[in-house]
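# fold the following for me, if possible:
(chains A, B, C and D)
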Protein chains: 2
Amino acid sequence: MQPNHDLIFKTLADPSRRALFERMCREGEQTVGALTVHAGISQPAVSKHLGVLKQAGLVLGRQDGRNIHYSAQIGALSSLIDWTNQMAGFWENRFDDLEDLLKRMD
Amino acid sequence: MQPNHDLIFKTLADPSRRALFERMCREGEQTVGALTVHAGISQPAVSKHLGVLKQAGLVLGRQDGRNIHYSAQIGALSSLIDWTNQMAGFWENRFDDLEDLLKRMD
DNA sequence: CTAACATATAGCTGCGTAGTTATAGATTGA
DNA sequence: TCAATCTATAACTACGCAGCTATATGTTAG
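Numbers count the residues shown, from 1 in each chain, chains lettered A, B, ... in the order given. Predicted coordinates for the structure are as follows:
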């Protein structure tokens, strides 16, 4: 699990892509066709977005005949959570340092 | 606190911008000049990024003479945390539903 | 085998934006 | 007031990429 924060952020920065991911989180496995119906964009556009999501590890495809069922891989969000926690950690450490400094100034 | 997920994701999707934000989280208030030294891009580019970060509420500027000290507003990340929790929530609910279904099938 | 269906790829177009240099605006010190 | 310093804005360029249509690939049904 490298810190591929860039890939995750860039992938989720697109609204269409985020909507696709959200739908899969809400409703589980979905075929490309089903996703296309609600996406408001063309099927090729959906396919391309799914490719990007897959590349980022956010989604997995399971072939079933001529359908492919895509599902959200919630674990891929850990990268996001890690980054956020890291930022919050830095934030707190700075206050801890300040506190220490103030204590030493008694 | 609207769900301006789009703004937050788009803002943090840029590596230069994320690096600036990270640095402010790590080291607290920084002047534009100090940030520019480590950013690897020109001062105008840094200024523009700071403008975008500010617009997204991720950063705040405090004027001090001819310097402006920018600081990370860690609270703005709550939008990100909310979204992640929401996704995880959907995920879990789907398993709960499945569990219920299986129970009713006894 | 063939037609119909499901998804992916190719090729193109337009827009958004990150970067640049040049310059303006603002603030301080002499 | 003038020069130096710090930051922001203007104007431009280049590139990435999201969207489209058309078509290829793959799969099942008949």
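# from now on I want contacts and neighbour counts done on CA atoms only, so please keep to that.
Noted.
# from what I see, A:V46 and A:V32 are in contact.
Yes - in terms of CA atoms under 8 Å, A:V46 counts as a neighbour of A:V32; the distance is 7.2 Å.
# compare the two (neighbour count), which wins?
When A:V46 is set against A:V32 and neighbours are counted by other CA atoms under 10 Å in any protein chain shown, the residue ahead is A:V46, at 21 against 18.
# now do the strands in chain A.
With DSSP state E as the definition, chain A shows strands at residue ranges A:30-31, A:59-64, A:67-72.
# neighbours of A:L101, how many?
Here the neighbour count serves as a burial measure; for A:L101 (other CA under 10 Å) it reads 11.
# A:G40 too?
A count of neighbours around A:G40, defined by other CA under 10 Å, yields 11.
# what packs against the longest helix along chain A?
The helix of greatest length in chain A, counted in residues with DSSP state H as the criterion, is given as helix A:78-104. Taking 3 or more CA pairs under 8 Å, 6 or more residues apart in numbering or on different chains; DSSP states H and E as contact, the helices and strands that helix A:78-104 lies on are helix A:5-12, helix B:15-27, helix B:78-104.
# make TSV out of those helices and add distance to A:R18 and mean pLDDT.
Rendered in TSV, the data for these read as follows (distance: least, CA to CA, whole Å; pLDDT from 0 to 100):
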stretch	distance to A:R18	mean pLDDT
helix A:5-12	5	97
helix B:15-27	19	97
helix B:78-104	11	84
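# you'd agree A:G61 is up against A:A72?
No - in terms of CA under 8 Å, A:G61 does not count as a neighbour of A:A72; the distance is 9.2 Å.
# compare those two (neighbour count), which wins?
For A:G61 versus A:A72, the count of surrounding residues by other CA under 10 Å is larger for A:A72: 26 against 18.
# in contact with the closest residue to that one other than its chain neighbours, which residues?
Ranked by CA to CA, 6 or more residues apart in numbering or on different chains and with sequence neighbours excluded, the top spatial neighbour of A:A72 is A:V59, at 4.5 Å. A:V59 is in contact with A:21, A:50, A:53, A:70-73, counting by CA atoms under 8 Å, 6 or more residues apart in numbering or on different chains.
# can you check A:S16 too?
Going by CA under 8 Å, 6+ apart, A:S16 touches A:39, A:49.
# just A:A45 next, same as before
The contact partners of A:A45, taken as CA under 8 Å, 6+ apart, number zero.
# now do the spatially closest residue to A:W91 that is not a sequence neighbour against A:Q30, distance only.
Distances taken as CA to CA, 6+ apart put B:C25 closest to A:W91, at 5.4 Å, once the chain neighbours are dropped. To A:Q30, B:C25 is 39 Å away according to CA to CA, to the nearest Å.
# who's more crowded, those two?
Higher neighbour count among B:C25 and A:Q30: B:C25, with 25 against 21, using other CA under 10 Å.
# pretty sure the more buried one sits against B:A72.
Yes - look at B:C25 against B:A72 with CA under 8 Å: they come within range, at 5.7 Å.
# phi, psi of A:I41?
Dihedral angles of A:I41 (phi, psi; degrees, to the nearest 10) stand at phi -130, psi 170.
# same thing with A:G28?
phi 70, psi -160.
# tell me if I'm right that it and B:R94 touch.
Yes - with contact defined as CA under 8 Å, A:G28 and B:R94 form a contacting pair (7.3 Å).
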